[in-house]
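Chemist: how would this look folded up:
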Amino acid sequence: MGSAPKPLTSRQLASLLGVSQSAVSRAFTPGSSISADLRERILNGANEHDYRPNAIASMLTKRRTNIVGIVVSDMQNPFYPALIERLTQGLQRAGLQSLLFNITRGANIEDQMIAIRTYNVDAVVVIAATILNPRTLMWATEGRRSVLLNRLGQDDIDTVCCDNVDGARAIVDHLHSIGCRRVGYVAGLTKTAVGMTRHSAFTTRLAELGMRLTGTASGGVYSYDAGWRGALELLPERPDAIFFASDILALGGLDALKREGAAGDIATVGFDDIPMASWPGYALTTYRQPIDAIVSKTVDLIVAENPETPRQHLLVGDLVVRASTVPDVTPGLHPQP
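Modeler: Model prediction:
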């Protein structure tokens with residue numbers, strides 16, 4: 001049995017087509033400078049001669065991998081898989097691929113961050129909700145374009161995040177407008193900058209409007225079960241509304257209130273606007289995070305040729321009013337004052 005033929009090289013393809021080797025390289029590089037006609041000619045020729053570009057050789061030549069490392073945690077919160085899907089799609093449109101580093105509960109975060117150094121990624125996006133050691137984070141991302149996505153707390157790395165202050169205030173204003181005055185709060189992760197900012201803005205706005213915080217329950221995690229437990233913990237205080245720090249918490253809380261026969265008496269609000277929030281069985285009022293804008297800004301920062309000084313980019317979302325606070329409302333965006 002004869003040996004398989006050796007793969008065609010870019011130099012050989014260029015010779016067959018009568019073009020330069022650099023033209024072949026540009027034809028397979030998204031966003032490169034090459035005419036549409038020449039690109040089509042080269043791609044057709046590559047298909048005819050069964051040529052496939054050698055990604056590893058290209059990486060060695062350009063000293064770039066076009067791979068972005070994505071550091072994540074809290075994957076049981078449905079918001080994050082949805083965010084990661086959109087982010088990887090956005091990176092792919094920019095000609096980049098993704099390598100996922102998943103920090104599981106109980107894992108050594110520093111060890112996971114150090115692992116990034118063993119992979120030759122061009123950039124790092126950190127979505128992990130858990131607060132990382134700043135020195136470890138800086139060491140792991142040194143020499144790489146880096147973005148903290150949907151988290152706060154570090155001035156020397158670009159940050160892209162939903163405006164949690166705007167979101168919390170919009171929620172309190174809505175509850176006040178429908179007559180709620182006694183409000184409970186169910187938190188998820190309490191030791192994150194995002195969680196603390198959301199809670200602080202919420203309680204501050206309650207005080208400004210003369211509303212009362214009846215109690216705070218903390219599940220320690222963003223999960224359905226934690227929301228269920230949190231709602232039952234707050235129920236004895238007889239709140240007329242409960243703000244859940246995420247939609248997945250709110251869905252668990254709503255089901256718990258339904259079981260207790262209290263869902264019709266307590267307005268319920270979440271945060272994120274995950275797909276399940278709009279299901280008729282929940283019809284959850286929530287603050288919609290601007291995922292498209294978050295992804296767009298993150299990709300822009302990753303591919304920027306001349307990056308500016310790192311800064312915080314806060315993006316405003318929208319309050320979506322549904323039946324969990326206004327039973328007969330037509331679902332849709334709620335104008336903010």
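
Chemist: can we go C-alpha only for contacts and neighbour counts from here?
Modeler: OK.

Chemist: wait, isn't residue 198 in contact with residue 161?
Modeler: No: taking contacts as Cα atoms under 8 Å, residue 198 lies outside contact range of residue 161: 11.9 Å.

Chemist: Quick one: the helices in the protein, in order.
Modeler: Secondary structure of the chain (DSSP state H): helices at 10-17, 21-27, 36-48, 55-62, 79-93, 109-115, 134-141, 164-177, 193-208, 224-234, 247-259, 291-303.

Chemist: name the helices or strands packed onto the fifth one?
Modeler: The reference is to helix 79-93. strand 97-102, helix 291-303 (3 or more Cα pairs under 8 Å, 6 or more residues apart in numbering; DSSP states H and E).

Chemist: can you rerun that using 7 Å?
Modeler: helix 291-303 (3 or more Cα pairs under 7 Å, 6 or more residues apart in numbering; DSSP states H and E).

Chemist: what angle separates the helix it packs on from helix 79-93?
Modeler: Here helix 291-303 runs at an angle of 50 degrees relative to helix 79-93 (axes from the mean of the first three to the mean of the last three Cα atoms, to 10 degrees).

Chemist: Pull out the buried positions in helix 291-303.
Modeler: Buried residues in helix 291-303, counted by 16 or more other Cα atoms under 10 Å: 291, 293-295, 297-299, 301-302.

Chemist: For stretch 9-28, which outside residues touch it?
Modeler: 32-34, 39, 42 (Cα atoms under 7 Å, 6 or more residues apart in numbering).

Chemist: Okay, residue 257 and residue 74: tell me how far apart.
Modeler: 25 Å (Cα to Cα, to the nearest Å).

Chemist: ignore the last one, residue 302
Modeler: Counting by Cα to Cα, the gap from residue 302 to residue 74 is 23 Å.

Chemist: cool, and residue 232?
Modeler: Distance, residue 232 to residue 74, by Cα to Cα: 23 Å.

Chemist: Check residue 163 too.
Modeler: 20 Å.

Chemist: picking that back up, nearest to residue 228 among the contacts of stretch 9-28?
Modeler: residue 32 (52.2 Å; Cα to Cα).

Chemist: neighbours around the closest residue to that closest one other than its chain neighbours, how many?
Modeler: Excluding the flanking residues, the one nearest residue 32 by Cα to Cα, 6 or more residues apart in numbering is residue 26, at 5.6 Å. Residues near residue 26, counting by other Cα atoms under 10 Å, number 17.

Chemist: Is it possible to get TSV of the contacts of stretch 9-28 that adds neighbour count?
Modeler: Below are the contacts of stretch 9-28 laid out as TSV (neighbours: other Cα atoms under 10 Å):
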residue	neighbour count
32	11
33	11
34	13
39	18
42	22
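
Chemist: TSV for those residues, including pLDDT and distance to residue 248?
Modeler: As requested, those are arranged in TSV below (pLDDT from 0 to 100; distance: Cα to Cα, whole Å):
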residue	pLDDT	distance to residue 248
32	72	43
33	82	46
34	86	47
39	86	47
42	87	50
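
Chemist: for those residues, which one is nearest residue 312?
Modeler: Closest to residue 312, out of all of those and judged by Cα to Cα, is residue 32, at 30.3 Å.

Chemist: Tell me how far the residue nearest to residue 32 lies from residue 39.
Modeler: Residue 26 is 8 Å from residue 39, by Cα to Cα.

Chemist: on that earlier part again, tell me the pLDDT at the residue nearest to residue 32?
Modeler: pLDDT recorded at residue 26 is 82.
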